[in-house]
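Colleague: no sequence on this one, just coordinates:
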């Protein structure tokens, strides 16, 4: 017999402010309640092919230079291009017809917070001295450009490394 448990920060519909008692603790659903939620909200399937993930390197570099993805500061844009170019070179060493398939075949998605170690090690064997900041900037750009769609676990576990600011 398997038991189902689901932990979330979402509050149950009958939740009241008095239930919190000043805490921000996650809510855990067990048994039938968890099973109903999983059935009601099944995990989405992710395709491994869509237009931007099947694009060529040149098309992706052109895409990140478009106004909607271009950084306001030239050094930020250079860091994005630096990271994107190197990550695409590294991803090209993995099997797959799309960048998403190559991302899934690479160790980065499963390394989570240590993901940068895998491309950095390979780039060093190619005579480069990559920077974690440049690779991170490139990866974030690939996410935003919808070239790569990371697993939810990857995003959740690496959220503290992404610094989002409001304009």
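Modeller: Happy to help now that I have it. Source: prediction; values computed, not measured.
Colleague: The residue nearest in space to the middle of the chain and residue 157: what is the separation?
Modeller: Nearest to the geometric centre of the chain sits residue 150, at 3.7 Å (Cα atoms, centre = their mean). According to Cβ to Cβ, to the nearest Å, residue 150 and residue 157 sit 10 Å apart. Quick note: C-beta positions are derived from backbone N, CA and C, even for glycine.
Colleague: One more: residue 57?
Modeller: If you go by Cβ to Cβ, the gap between residue 57 and residue 157 works out to 28 Å.
Colleague: Repeat that for residue 67.
Modeller: Distance from residue 67 to residue 157, by Cβ to Cβ: 32 Å.
Colleague: For the two, indicate the residue with more neighbours.
Modeller: residue 157 (13 against 5; other Cβ atoms under 10 Å).
Colleague: Other residues contacting the lengthiest helix in the chain?
Modeller: Across the chain, the longest stretch assigned as helix under DSSP state H is helix 74-91. Outside of helix 74-91, the residues within contact range by Cβ atoms under 8 Å, 6 or more residues apart in numbering are 57, 60-61, 64-65, 70-71, 99, 102-103, 106, 118-119, 122-123, 126, 128, 130-131, 133-139, 141-142.
Colleague: Stretch 38-50 now?
Modeller: So stretch 38-50 is contacted by 4, 6, 96-98, 100-101, 104, 146, 149 (Cβ under 8 Å, 6+ apart).
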